[in-house]
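In: Predicted model and sequence below, questions to follow.
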Amino acid sequence: MPDLMPAPGAAREAADAQRAATASTLPDAGRLRLMANAIRALSMDAIEHAQSGHPGLPLGMADVAATLFGRFIKADSQAPHWPDRDRFVLSAGHGSMLLYALLHLMGHADMSIEALKRFRKLGSPAAGHPEYGHATGIETTTGPLGQGLATAIGMAMAERIQAARFGAALADHRTWVLASDGDLMEGVSQEALTLAGRLGLGRLIVLFDDNDISIDGKISLVDATDQVARFQASGWHTIRVDGHDPEAISDAIAQAIADPRPSLVACRTVIGYGAPVKQGTPAAHSSPLGTKEVEGVRAHLGWTAGPFEIPADARAAWDAAAARARAPHPGWQKRLEASAQRAEFEASLAAGRPAGLDAAILAIKQRFAEQAPKLATRKASEAVLEALMPAVPELVTGSADLTSANFTKIEGFGPIAEGDFAGRYVYWGIREHAMAAAMNGMVLHGGIIPASGTFLAFSDYCRPALRLAALMGVGAIHVMTHDSIGLGEDGPTHQPVEHLAALRAIPNLLLLRPADPIETAECWQIAMAERERPSVLALCRQEVPALRRHAEVENLSYRGAYEIAAADGEAAATLFASGSEVSIALAARDTLQAAGVPVRVVSVPCFELFFEQDEAYIEAVIGRAPVKVAVEAAIRQGWDAIIGRRGRFVGMHGFGASAAPAELYEHFGITADAVAATVQAALKE
């Protein structure tokens, strides 16, 4: 076994005391090995039965998993959504059978033997990679490497935020991550681990499957990084351990628990442990072992039970582990029932519409209607947040080093920092990828509604986490400003001409692009109410006029598109636009109507919501005008669903340029005169 890195004296003493206090009730090393072998057997059986899967990690990390679940983890399979449970994230999602075996053995009813027999089959909760919502105990969807680790950062942050608000009596749990070499090679891991180190997330513990193997061969083929030194450099407590020695693993975990820093436990393991030929090689990673290798593993382990059979002594050991894990739950329930904060705590975890949302939105709409301010929608968003922050205590905002541009920090609500999680603002740093993933973790944890900002062009950095949020149905809110060529002089690298279309292509994600202050408030109301899908608020840098002058209680933007200006008479043309271009369309309408051409204008703040309406509404909004023109300072892709292939488009056909915003709109022909000319030309055809 590699030498253990020394822990601070006080931390080591605390770890020893903790172990001594609980030693009599914990499984001994022999029983832990039996429990680990049950994981191995179920994993091999399911993968062989499916003839598909990744056996290497479950065989290699079974001892670590058995030790964690046998001696340390706090969870209740009979009440799997218990708020104060530990979170376990299998970031190395390809090793999904390890998680499914754990869930079955811990007593999760929806991960039965029959479910394991349908591993990787259509409709099985035991999908190829863990999918959130398919079974209890799957805390997040994993598979894209690094995402689980970064998501877990958000879970650990949420636990600390809840503890600061409600105290340790109600929020006092840990976040555990099982990560692979691949997770740590992905760039998002660097963003995540430096953030965790800076925030001092001491209740976060990463168990690293240090097996020295990737699909292509030895890790040395592709990487020379000392991962332990890398984590140390970012403020983590680290320790190396033999991943097949239960007592050494237990000691390392106890030291990690005792240390106030986030911890990395590097577990040196053998991939495909026990396979006569394939262990320690890439051949064990992602293909079934085959009959002979499985027989060899069984012989090596002394496992004589048949496929999908768990011997009575192994089952008893796992039942005892499940009982130990859920033992703290009744005491927590009593504390909750006695707490003066019970109602507030339970309200924070409720999945529905925040209680103070609608009144706050109506108040700010009334203010906008009275004042009719000319504002950039990013500034209108700031005003909306000023109303929302006091009304919705679960709302936590932030920015990826663009606080002064996104306007997501509201006066009176301080930052979250190491040792002080009572704030409501996160300085994420230049970490868009980890920010988006951690926001997913905050939502999955519960009790937090995260709303953080960056530039729309940088949604490319967020996209993997945005996609997973949409896949899981996670209602994170992304404030993305500088949404078009209207940002001006920063030029085409920052001008997101294709990003609206790219985001609209993600199923179950709402792309909300408001046209004026009132629409901005309505889009915030939609995003805050939509707890089962993520939202992106695309907000402009340049000022736009107030187009709506009445503070209707009804949220007109909820339908995705609506007629903002009717034609005088039967419409000869309909202009469709989103965001800052709605004012251009309205100006073109004035020009055309003055020339005797009746024109109506439709504002389209959200394609996704519009296409969810009934067919009668969609047809009525699109209308029967012979000429249909879409106006957006972005590419055309997506608009044909509204204007048809024969519809006209006034917008971008390539990348932008560096110049003042007004000059750019003129240069690229996105003006009221250009729209009017397009309509006139179409009417002559």
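Out: Received, thanks. Since we're looking at a predicted model, the values are computed, not measured.
In: alpha carbons only for contacts and neighbour counts from here, please
Out: OK.
In: For A465, list the residues it contacts.
Out: Q147, H433, A436, A437, N440 (Cα atoms under 8 Å, 6 or more residues apart in numbering).
In: Let's see the pLDDT reported for the last one.
Out: Predicted confidence (pLDDT) for N440: 98.
In: which residues of the protein score low on pLDDT?
Out: Applying pLDDT under 70 to the chain flags the ranges 1-24.
In: ok, residues contacting the helix or strand containing M61?
Out: In this assignment (DSSP states H and E), M61 forms part of helix 56-67. With contact meaning Cα under 8 Å, 6+ apart, helix 56-67 is reached by 32-33, 35-37, 39-40, 43, 95-98, 102, 209, 211, 243-246, 249-250, 267, 269-274, 279, 284-286.
In: for stretch 178-193, same thing?
Out: Residues outside stretch 178-193 that contact it (Cα under 8 Å, 6+ apart): 88-92, 145-147, 149-150, 153, 206-214, 227, 231, 234, 431, 433-434.
In: rerun at 6 Å
Out: Contact with stretch 178-193 is made by L90, S91, A92, L145, G146, A150, V206, L207, F208, D209, R431, A434, as judged by Cα atoms under 6 Å, 6 or more residues apart in numbering.
In: Could you confirm Y617 falls within a helix?
Out: Yes. Counting by DSSP: H, G, I helix; E, B strand; the rest coil, Y617 falls inside a helix.
In: Run through the helices of the stretch 351-500 of the chain in chain order.
Out: 357-371, 377-391, 403-406, 432-445, 459-472, 499-504 (DSSP state H, counting those that start in this stretch).
In: Including distance to G453, could these go into CSV?
Out: Converted to CSV, these look like this (distance: least, Cα to Cα, whole Å):
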stretch, distance to G453
helix 357-371, 20
helix 377-391, 10
helix 403-406, 6
helix 432-445, 9
helix 459-472, 10
helix 499-504, 15
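In: Which stretch among the ones you listed approaches E489 most closely?
Out: Counting by Cα to Cα, E489 lies closest to helix 403-406 out of the helices of the stretch 351-500 of the chain; the figure is 14.6 Å.
In: buried stuff in that closest one?
Out: Residues of helix 403-406 classed as buried: T403, A405, N406 (neighbour count, 16 or more other Cα atoms under 10 Å).
In: can I get those in JSON lines with distance to F72?
Out: Output for the buried residues of helix 403-406, formatted as JSON lines (distance: Cα to Cα, whole Å):
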{"residue": "T403", "distance to F72": "40"}
{"residue": "A405", "distance to F72": "44"}
{"residue": "N406", "distance to F72": "42"}
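In: nearest to V599, of those?
Out: Set against V599, the nearest of the buried residues of helix 403-406 by Cα to Cα is N406 (35.0 Å).
In: quick one: that closest one and S399, what's the gap?
Out: Using Cα to Cα, to the nearest Å, we find N406 at a distance of 7 Å from S399.
In: Overlap of the contact sets of the two?
Out: Residues touching both N406 and S399 by Cα under 6 Å, 6+ apart: G453.
In: if we can go back for a sec, which two in the contacts of A465 are spaced the farthest apart?
Out: Longest distance between any two of the contacts of A465 is 11.2 Å, between H433 and N440; criterion Cα to Cα.
In: quick one, which of these two is more surrounded?
Out: Neighbour totals were compared for H433 and N440, and N440 leads with 34 against 25 (other Cα atoms under 10 Å).
In: so how far is P464 from that one?
Out: Here the criterion is Cα to Cα. By it, N440 lies 11 Å from P464.
In: now, among the buried residues of helix 403-406, which is nearest to E370?
Out: Using Cα to Cα, the buried residues of helix 403-406 come closest to E370 at N406, 24.8 Å.
In: follow-up on the earlier one: can I get the helix holding M61 in PDB? Just the C-alpha atoms.
Out: Written as PDB, here are the backbone C-alpha positions of helix 56-67 (Å, rounded to 0.1, in the frame of the first residue of the first chain):
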ATOM      1  CA  GLY A  56     -13.700  -2.300 -15.100                       C
ATOM      2  CA  LEU A  57     -14.700   0.400 -12.600                       C
ATOM      3  CA  PRO A  58     -17.300  -1.600 -10.600                       C
ATOM      4  CA  LEU A  59     -14.800  -4.400 -10.100                       C
ATOM      5  CA  GLY A  60     -12.000  -2.000  -9.300                       C
ATOM      6  CA  MET A  61     -13.800   0.400  -7.000                       C
ATOM      7  CA  ALA A  62     -16.100  -2.100  -5.200                       C
ATOM      8  CA  ASP A  63     -13.900  -2.100  -2.000                       C
ATOM      9  CA  VAL A  64     -14.100   1.700  -1.900                       C
ATOM     10  CA  ALA A  65     -17.800   1.800  -2.400                       C
ATOM     11  CA  ALA A  66     -18.500  -0.900   0.100                       C
ATOM     12  CA  THR A  67     -16.400   0.900   2.700                       C
END
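In: Which secondary structure elements does whichever helix or strand comes after that helix sit against?
Out: As assigned by DSSP H and E, the chain's next helix or strand after helix 56-67 is strand 87-90. Judged by 3 or more Cα pairs under 6 Å, 6 or more residues apart in numbering; DSSP states H and E, strand 87-90 is in contact with strand 175-180.
In: Try it again at 8 Å.
Out: helix 147-166, strand 175-180 (3 or more Cα pairs under 8 Å, 6 or more residues apart in numbering; DSSP states H and E).
In: separation between the spatially most central residue of the chain and M97?
Out: For the chain, N440 is the residue whose C-alpha lies nearest the centre (Cα atoms, centre = their mean; 2.4 Å). According to Cα to Cα, N440 and M97 sit 23 Å apart.
In: likewise L471?
Out: Per Cα to Cα, L471 is found 21 Å from M97.
In: If you count surrounding residues, which of the two has more?
Out: The residue with more neighbours, out of L471 and M97, is M97; 32 against 19, by other Cα under 10 Å.
In: and that one, what is it in contact with?
Out: Contact partners of M97, counting by Cα under 8 Å, 6+ apart, are L42, S43, A46, I47, H54, P55, P58, A126.
In: backbone phi and psi for the closest residue to the fifth one other than its chain neighbours, please?
Out: Spatial nearest neighbour of H54, chain neighbours left out: S286 (4.0 Å); criterion: Cα to Cα, 6 or more residues apart in numbering. Note on S286: backbone dihedrals following degrees, to the nearest 10 are phi -130, psi 20.
In: Pull the number of nearby residues for S286.
Out: A count of neighbours around S286, defined by other Cα under 10 Å, yields 17.
In: helices or strands up against the lengthiest helix in the chain?
Out: The residue-count maximum for a helix in the chain (DSSP state H) belongs to helix 29-50. Applying 3+ Cα pairs under 8 Å, 6+ apart, one finds that helix 29-50 makes contact with helix 56-67, helix 96-105, helix 113-117, helix 246-258, helix 291-301, helix 312-326.
In: export those helices to a markdown table and tack on distance to L349?
Out: Below are the helices and strands packed on helix 29-50 laid out as a markdown table (distance: least, Cα to Cα, whole Å):
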| stretch | distance to L349 |
| --- | --- |
| helix 56-67 | 29 |
| helix 96-105 | 24 |
| helix 113-117 | 30 |
| helix 246-258 | 26 |
| helix 291-301 | 44 |
| helix 312-326 | 20 |
